[in-house]
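Engineer: Pasting a predicted model and its sequence here:
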Amino acid sequence: MLDIKFIRENKELVTLGAQKKHIKFDPSDLIKADDKRKELLAEIEKMRAEQNEVSLRLPQLKEAGQKAELISQMKVLKETLQKEEEKLREVMKEWQMLMLQVPNVPDISVPEGATDADNKEIKVWGEIPKFDFTPKDHIELMEKLDLADFETGAKVAGFRGYFLKNEGAELEFAVWQLTCDLFREKHSEYSMMIVPSLVRREPLLGTGFLPQGEDDLYKTQDADYLAGTAEVATMSYFSDKNIDKNALPKKVLAFSPAFRREAGSYSKDTKGLYRVHEFMKFEQVVLCEASHETSVKYHEELLANSEGILQALGLPYHVVVNCGGDLGLGQVKKYDIETWMPSKNKYGETHSCSYFHDFQARRLNIKYRDTDGKLKFVHSLNNTAVATPRILIQIIENNQQADGTIKVPEVLRKYMGGKEYIGKK
């Protein structure tokens, strides 16, 4: 959500921002609704003031006729006021819905483009492995080594279901432990949280996943939702709070299950672990002071933290800056990290790193008192630390051996009883 004053004063900028994001939005409709809202508010305030004035005059009148006439006038005024208040409620509904649809203005450095095909590579790390055999995909490798059961997963959990077994399960646990250890050792300023994935509608509205992302969310019979990232609950943990400026930045490493319907991608990656409905995710969340420069600084920090995990695992990757059409409603700028997948001979997305300025904080009412004494909305950022089981694809495929075994990355061996290779049972 943007400030209505900013929208009114920068109508052209907001329009251009929407165009760059390839989002259909005309601020003129919102400004018309805001004009009507302000007009009705002024009328209602005027009538309320008149009501108060009459209430003060009434006890001072001594003649019954004057009192009766004034009471009659007040009755008419009250009925008119109720009608105007009902009009305001309807206008407010329209105004609020339009406000929720305003896209945040992307940073000037965001490249033009309509889809992820237009994202720009800005960094490459690691050497792509060269095999003297035809590399297998993770599905074949995991099934042959009894690390996963996709057939029973689909039978039990439905489309895109899976079971991780034996060292497949151990490998996922090991990635979690490595992530926690790396943050304890190198990023101890991040507090750890386990957060709920079952959330109410308000946290999803507050973080910008609703109303536009409704189709990709699972909904319960109680009208609650299963969130697709720990960002939702973590940001909402701070909602309606005024944070001491000296306590900023707030840095959190949050863990939760995550659920996505993958609406619109039914024909994409239908087998294996790349695009599943249920997964686990460590998410980095940062709240900082309302400064563009500070947001940019922490954006780079979050990116570096995730790169550190991939580098520890020895996985080759590249970083892309997302084009305007590949940004969400609230994102000012986003990086994706894509990690090498030998079976597809290309990089696949494993991390997404974004900053929002005060877009989410306005919706969630998260503020701090600045040195000038004024309350300001914080800036927010987030980035995947690691998501499983997707990252297992890259670990398994990049470390496959000619004999069909999997070499365990050195940093994970201590979490797997010292095991160096995963072979047939």
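Structural biologist: Here it is on my side, so go on. Given the structure is predicted, the values throughout are model-derived calculations rather than measurements.

Engineer: Pretty sure residue 209 sits in a helix.
Structural biologist: No. Going by DSSP: H, G, I helix; E, B strand; the rest coil, the assignment for residue 209 is coil, not a helix.

Engineer: Spatially, which residue comes closest to it, not counting chain neighbours?
Structural biologist: The spatially closest residue to residue 209, leaving aside those adjacent along the chain, is residue 232, at 6.6 Å (Cβ to Cβ, 6 or more residues apart in numbering). C-beta: built from backbone N, CA, C; applies to glycine.

Engineer: tell me the average confidence for the host helix or strand of the one you found?
Structural biologist: If you go by DSSP states H and E, residue 232 is part of helix 231-237. The predicted model gives helix 231-237 an average pLDDT of 98.

Engineer: The helix or strand immediately after that helix in the chain: partners in the sheet, and parallel or antiparallel?
Structural biologist: As assigned by DSSP H and E, the chain's next helix or strand after helix 231-237 is strand 242-243. Strand 242-243 has its sheet partners listed here by DSSP bridges as strand 367-369 (parallel).

Engineer: hang on, the earlier thing: show me what the helix holding residue 232 is in contact with.
Structural biologist: Contact with helix 231-237 is made by 193, 195-197, 199, 202-204, 206-207, 209, 227, 252, 254, 256, 283, 285, 360, 364, 366, 380, 382, as judged by Cβ atoms under 8 Å, 6 or more residues apart in numbering.

Engineer: Likewise for stretch 5-18?
Structural biologist: With contact meaning Cβ under 8 Å, 6+ apart, stretch 5-18 is reached by 2, 24-28, 30-31, 34, 102-106.

Engineer: Any of those residues buried? List them.
Structural biologist: Buried members of the contacts of stretch 5-18, counted by 16 or more other Cβ atoms under 10 Å: 2, 25, 27, 30, 34, 102, 103, 104, 105, 106.

Engineer: part of a strand, is the last one?
Structural biologist: No. Looking at residue 106 with three-state DSSP, it is coil, so not inside a strand.

Engineer: Is residue 23 part of a helix or strand, or is it coil?
Structural biologist: Taking three-state DSSP, the label given to residue 23 is coil.

Engineer: and the next element down the chain from the helix or strand containing residue 43?
Structural biologist: Using DSSP H and E, residue 43 sits within helix 27-57. Downstream of helix 27-57, the first helix or strand assigned by DSSP H and E is helix 64-100.

Engineer: Next SSE downstream of the lowest-mean-pLDDT helix or strand in the chain?
Structural biologist: For the chain, using mean pLDDT, DSSP states H and E, the weakest element among its helices and strands is helix 64-100, scoring a mean of 87. Downstream of helix 64-100, the first helix or strand assigned by DSSP H and E is strand 120-125.

Engineer: Give me the mean pLDDT for the helix or strand that that next one is followed by.
Structural biologist: Going down the chain from strand 120-125, the next helix or strand is helix 138-144, by DSSP H and E. Helix 138-144 carries an average pLDDT of 97.

Engineer: what comes into contact with helix 138-144?
Structural biologist: Contact partners of helix 138-144, identified using Cβ under 8 Å, 6+ apart, comprise 147-150, 168, 271-273, 343, 392-393, 396-397, 400, 404, 406, 424.

Engineer: Same question for stretch 74-85.
Structural biologist: 40, 43, 44, 47, 48, 50, 51, 54, 55, 58.

Engineer: Drop anything exposed from those residues.
Structural biologist: 40, 43, 44, 47.

Engineer: Going by distance to residue 97, which of these wins?
Structural biologist: residue 40 (16.7 Å; Cβ to Cβ).

Engineer: do you know how far that closest one is from residue 77?
Structural biologist: Distance from residue 40 to residue 77, counting by Cβ to Cβ, to the nearest Å: 16 Å.

Engineer: Next: residue 376.
Structural biologist: 40 Å.

Engineer: In the stretch 151-300 of the chain, where is pLDDT below threshold?
Structural biologist: Applying pLDDT under 70 to the stretch 151-300 of the chain flags residues 264-267.

Engineer: Now with 90, please.
Structural biologist: For the stretch 151-300 of the chain, the stretches with pLDDT under 90 are 158-159, 211-213, 262-271.

Engineer: Tell me where the stretch 201-350 of the chain has helices.
Structural biologist: Taking DSSP state H, counting those that start in this stretch as the test, the helices found in the stretch 201-350 of the chain are 201-207, 231-237, 292-313.
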